[in-house]
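Asks: Okay, sequence plus prediction incoming.
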Amino acid sequence: KQEVTQIPAALSVPEGENLVLNCSFTDSAIYNLQWFRQDPGKGLTSLLLIQSSQREQTSGRLNASLDKSSGRSTLYIAASQPGDSATYLCAPGGHSGNTPLVFGKGTRLSVIA
Amino acid sequence: DAGVIQSPRHEVTEMGQEVTLRCKPISGHDYLFWYRQTMMRGLELLIYFNNNVPIDDSGMPEDRFSAKMPNASFSTLKIQPSEPRDSAVYFCASSPRGATDTQYFGPGTRLTVL
């Protein structure tokens, strides 16, 4: 059974810092991996999807990398802003396109102005 | 598109009552997912459908929970009878093509069982 760990559970940084959020998973035979953002009291919003054959994916100030063999992914946020404050969850997909995502518990990020 | 729509947004009920949560997925999406989120357990998949057919219900906690998808634009999650430990936020999500495709989440229903 896939288990997903996100470290740290919470992080507080001053505005402008570059930061890295970590995700590790126990079963490396994944189809893809997604990173989501969740604002308080809201649903999840997909940020990035990395296919198992890719090493990284970029969107604006966000860059996600994937090392499938070691069971790790990182989300890099450049020049953090107070609007980036949210909980970030990673979710590796299963062995095939029809094996559902398993979510980590997330990292709660606070960016202080 | 209005996105995934869930109702009600908040539900407070007494133990033993029946609760029905509703979801309208994004039009054209073939997959629909029901999740439950708690502080202790995080986000857990309860059940998902492909083209209105339940594919995996292994996450449904017990027989008190049931889910239906009578057509492509509507799904329900029912809890009968409800218990205080069912208190959580329940999310519905949909995706266009597969269980690992980009998923679009609704705003959730916050359920409190007294």
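Replies: Good, I have the coordinates.
Asks: Tell me the residues of chain A that contact chain B?
Replies: Residues of chain A found near chain B, taking Cβ under 8 Å from any Cβ of the partner chain as the criterion, are A:31-32, A:34, A:42-46, A:49, A:89, A:93-94, A:96-106. All C-beta atoms are positioned from the backbone trio N, CA, C, and that covers glycine.
Asks: A:S80 contacts A:S12, doesn't it?
Replies: No. Contact status for A:S80 versus A:S12: not in contact, 10.7 Å apart, counting by Cβ atoms under 8 Å.
Asks: Can you tell me the centre-most residue of chain B?
Replies: Taking Cα atoms, centre = their mean, the centroid of chain B lies closest to B:W34, which sits 3.2 Å from it.
Asks: so that one bridges to which residues?
Replies: B:I47, B:C92 (DSSP bridges).
Asks: what distance separates the start and the end of stretch A:23-33?
Replies: 10 Å (Cα to Cα, to the nearest Å).
Asks: and it, how far out from the chain's middle?
Replies: Relative to the centre of its chain, stretch A:23-33 is centred 12 Å away, using Cα atoms, centre = their mean, to the nearest Å.
Asks: Now do the nearest residue to B:R22 once chain neighbours are set aside, the pLDDT please.
Replies: Nearest residue to B:R22, sequence neighbours excluded (Cβ to Cβ, 6 or more residues apart in numbering or on different chains): B:S7, at 4.9 Å. Per-residue confidence (pLDDT) for B:S7: 97.
Asks: got the contact list for B:S7?
Replies: B:21-22, B:109 (Cβ atoms under 8 Å, 6 or more residues apart in numbering or on different chains).
Asks: Return the backbone torsion pair for it.
Replies: phi -150, psi 150 (degrees, to the nearest 10).
Asks: any idea how far B:P25 is from it?
Replies: Distance of B:S7 to B:P25, given as Cβ to Cβ, to the nearest Å: 13 Å.
Asks: Which parts of chain B are strands?
Replies: B:5-7, B:10-13, B:19-24, B:31-38, B:42-50, B:53-56, B:65-71, B:74-79, B:88-95, B:104-105, B:109-113 (DSSP state E).
Asks: can you check chain A too?
Replies: A:4-7, A:10-14, A:19-25, A:32-38, A:44-51, A:56-59, A:62-67, A:72-77, A:86-92, A:107-112.
Asks: In JSON lines, list these along with distance to B:R64, mean neighbour count and mean pLDDT.
Replies: Shown next, in JSON lines, are the strands of chain A (distance: least, Cβ to Cβ, whole Å; neighbours: other Cβ atoms under 10 Å in any protein chain shown; pLDDT from 0 to 100):
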{"stretch": "strand A:4-7", "distance to B:R64": "27", "mean neighbour count": "18", "mean pLDDT": "96"}
{"stretch": "strand A:10-14", "distance to B:R64": "34", "mean neighbour count": "13", "mean pLDDT": "96"}
{"stretch": "strand A:19-25", "distance to B:R64": "31", "mean neighbour count": "18", "mean pLDDT": "97"}
{"stretch": "strand A:32-38", "distance to B:R64": "27", "mean neighbour count": "23", "mean pLDDT": "96"}
{"stretch": "strand A:44-51", "distance to B:R64": "26", "mean neighbour count": "19", "mean pLDDT": "95"}
{"stretch": "strand A:56-59", "distance to B:R64": "40", "mean neighbour count": "14", "mean pLDDT": "95"}
{"stretch": "strand A:62-67", "distance to B:R64": "38", "mean neighbour count": "19", "mean pLDDT": "97"}
{"stretch": "strand A:72-77", "distance to B:R64": "36", "mean neighbour count": "20", "mean pLDDT": "97"}
{"stretch": "strand A:86-92", "distance to B:R64": "27", "mean neighbour count": "25", "mean pLDDT": "97"}
{"stretch": "strand A:107-112", "distance to B:R64": "31", "mean neighbour count": "17", "mean pLDDT": "98"}
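Asks: Okay then, goodbye and thanks.
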